[in-house]
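Sequence and predicted structure below; questions after.
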Amino acid sequence: MVGTDDFAALEKRGWGEEDTASAYAKDFARASAMAVPCLVSETRAGPGKHILDLCCGHGIVAAGLVKAGASVTGLDFSPAMLRIAREMVPQAEFVEGDAMAMPFPDASFDGVSMGFGMPHVPDAPAVMREARRVMKPGTYLSYSVWQETEKSAFTYVFKAIGVHGAVEVTLPPGPGASDYADPERAFPAMQAAGFDDLRINEVDSRWQVDRPDAPFDFFLEGTVRGGALLRPQPAANKAAIRTAVSEIVVANHGRDGPWDLPIPSVVVSGRAV
């Protein structure tokens, strides 16, 4: 069952759905929020700084930047996410737009943050170049991205899909969720976009859940690509995937809950040359 959307269309349509945006903000983002302090620190946000929060989603990074004293503009392609962000962070300004073609003049910002946006754009290096364009020299870009590890809720869910999912349910070609967590890929792309002083910080992000199959629901309800793989599954396949996720969680983290599940991430940063 191959959808008619290409990668960019799937992402834009999916994140524009109110239910997906709300579910992400409610559950999935409990792990995303753990990268916020590092993102804020690496952008050198503070009073007198105007920071762009790129792919701002529902506003958790923007809230951290505001708390640090910065003036904040958030940009995202999802009206559903922006509605949540405007309610959550009324102190910030939020703009609907494309991270690869931003509606801002050159050298407009004193830093750029990007919380887990890289896997959702068709051309991550183009986003890095565009971020550099709108940044003043000497300011910092920081972005977070999920890290691919054996013990990760990401791995548990997608391993179960790989084993038990219907072969006809597929995704359009697109970037991997952890592509730009790898410094061998991230650092050359950052350098080519005009950044130096490159750094990578690991973040011990995780979920605490009361059910071992909870990651299945978090991906089903609160992500676009996970949902696109899980929602069309025949009932028997869907049940088998859910059971497999539970079994992997119990095997790795014990039979008794609550379960503390890693979903590790990294924050990559660099200075605009």
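Right, received. Where do you want to start?

Report the separation between residue 66 and residue 267.
In this view, residue 66 and residue 267 are 19 Å apart by CB to CB, to the nearest Å. To be clear about C-beta, it is placed using only N, CA and C from the backbone, and glycine gets the same treatment.

quick one: which of these two has more around it?
residue 267 (26 against 20; other CB atoms under 10 Å).

what's near enough to touch that one?
35, 38-39, 42, 142-144, 200-201, 203 (CB atoms under 8 Å, 6 or more residues apart in numbering).

Can you classify it by secondary structure?
At residue 267 the chain is in strand, as set by DSSP: H, G, I helix; E, B strand; the rest coil.

one step back: most neighbours among the contacts of residue 267, please name it.
Busiest of these [other CB under 10 Å] is residue 143, holding 31 neighbours.

Phi and psi next, for that residue.
Main-chain torsions, residue 143, degrees, to the nearest 10: phi -140, psi 150.

Not counting its neighbours along the chain, what's nearest it?
Counting by CB to CB, 6 or more residues apart in numbering, residue 114 is the residue found nearest to residue 143 once chain neighbours are left out, at 3.8 Å.

List the buried residues in the strand or helix carrying that neighbour.
Per DSSP states H and E, residue 114 falls inside strand 112-115. Buried residues in strand 112-115, defined by neighbour count with 16 or more other CB atoms under 10 Å: 112-115.

what sits against residue 246?
By CB under 8 Å, 6+ apart, the neighbours of residue 246 are 211-213, 216.

Quick check: the gap between it and residue 231.
Relative to residue 231, and taking CB to CB, residue 246 is found at 19 Å.
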